[in-house]
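K.L.:
Sequence plus predicted model, see below.
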Amino acid sequence: MVIMDVPASATNSVVEPCSGEDLVRKLEEFFMSPELMVKIGDFMHESAAKLCFVGEHTGVSENGVSASGGDTDEETEHPLENYAIFSRYGSMIEQMVEAFLSEQGADANDLYEACVIEKMDKGNNWCVCLDYLLASLDYEYFLQIAYDFYKL
């Protein structure tokens, strides 16, 4: 488990609430900090090598034909270790988000509403933080992002 220190600014100051759009922008800046980028990148690179990618993550098409022309793994189940890695990733992101929310004086509902508006209503595809959050909540999304890191 990764333990993150809550920034001193989160406990020593009063923060004015911000709009949903500002909250997402600040979350993006928070996740783009070099410290967090390195933590997430290291986790993904280390974990991607341990994950077993099956189905669509390995280039197997819907009709069961492998992109490489070889045998498919369509019926292969994901090993339990995959889910354990996903859970550790979720815990790491949750700790980061909790520190951010504390620093901003916001709650999880504020952030959820702001993210839904940005991703669904505005079609925001540039916020990496939204991908990190989605990957912490959705197993298949996590596997796709981990596979992208694996292929780097």
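P.N.:
Perfect, thanks for sending it. Numbering: from 1, shown residues only.
K.L.:
neighbours around the closest residue to residue 52 other than its chain neighbours, how many?
P.N.:
Excluding the flanking residues, the one nearest residue 52 by C-beta to C-beta, 6 or more residues apart in numbering is residue 79, at 5.1 Å. C-beta coordinates here come from the backbone N, C-alpha and C atoms, glycine included. By the measure other C-beta atoms under 10 Å, the count of residues near residue 79 is 13.
K.L.:
next one: phi and psi at residue 79?
P.N.:
The phi/psi pair for residue 79 (degrees, to the nearest 10) reads phi -70, psi 160.
K.L.:
pretty sure it contacts residue 53?
P.N.:
No - applying C-beta atoms under 8 Å, one finds residue 79 not in contact with residue 53, separated by 10.6 Å.
K.L.:
helix, strand or coil for the residue nearest the centre of the chain?
P.N.:
Centrality entry for the chain: nearest residue to the mean C-alpha point is residue 132, 2.2 Å, by C-alpha atoms, centre = their mean. What DSSP: H, G, I helix; E, B strand; the rest coil gives for residue 132 is helix.
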